[in-house]
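Undergrad: got a sequence here, can you build the structure:
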Amino acid sequence: MGMDTPTPGRDWLEVHRILLGAPGEVVVVESLARLDEVPDEFTFIGFQLPFKGRDGSPIRAVGATE
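TA: Residues are numbered from 1 along each chain as shown. Alright, predicted model coming up:
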């Protein structure tokens, strides 16, 4: 789930637990920019930093069309 806000809700910890515990585990991508310019269909790639022992990372978000 991609969003242009820094967190998906006021009670961010509860929302993260719900999304990450859902069947299929929902990936949360926060603080994206220029979402109004994204086409209806595109490929999303998130290049994360190689942190060990963590469950999240800052990413370089890339959207590409074919």
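Undergrad: quick one: the residue of the chain positioned farthest from its centre from Thr43, how far?
TA: Going by Cα atoms, centre = their mean, the residue of the chain most distant from its centre is Glu66, 21.5 Å out. Counting by Cβ to Cβ, to the nearest Å, the gap from Glu66 to Thr43 is 7 Å. For the C-beta atoms, the positions are set from N, CA and C on the backbone; glycine is no exception.
Undergrad: how about Pro6?
TA: In terms of Cβ to Cβ, Pro6 sits 24 Å off from Thr43.
Undergrad: try Pro58
TA: 20 Å.
Undergrad: beta-bridge partners for the residue most central in space within the chain, please?
TA: Residue closest to the mean C-alpha point of the chain, counted by Cα atoms, centre = their mean, is Val29 at 1.2 Å. In this entry, Val29 is beta-bridged to Gly2, by DSSP bridges.
Undergrad: so it touches Gly46, yeah?
TA: Yes: between Val29 and Gly46 a contact is recorded at 6.2 Å, counting by Cβ atoms under 8 Å.
Undergrad: common neighbours of the two, please.
TA: Here Val29 and Gly46 have 59, 61 as joint contacts, going by Cβ atoms under 8 Å, 6 or more residues apart in numbering.
Undergrad: which non-adjacent residue is nearest Pro58?
TA: Distances taken as Cβ to Cβ, 6 or more residues apart in numbering place Leu49 nearest to Pro58, at 6.0 Å, with adjacent residues excluded.
Undergrad: so what's the one you found up against?
TA: 57-59.
Undergrad: keep only those of those that are in strands.
TA: Secondary structure from DSSP state E places Ile59 of these in strands.
Undergrad: if you rank the contacts of Leu49 by neighbours, which is first?
TA: Per-residue neighbour counts (other Cβ atoms under 10 Å) across the contacts of Leu49 peak at Ile59, which has 15 neighbours.
Undergrad: quick one: the helices in the chain, in order.
TA: Secondary structure of the chain by DSSP state H: the helices cover 12-21.
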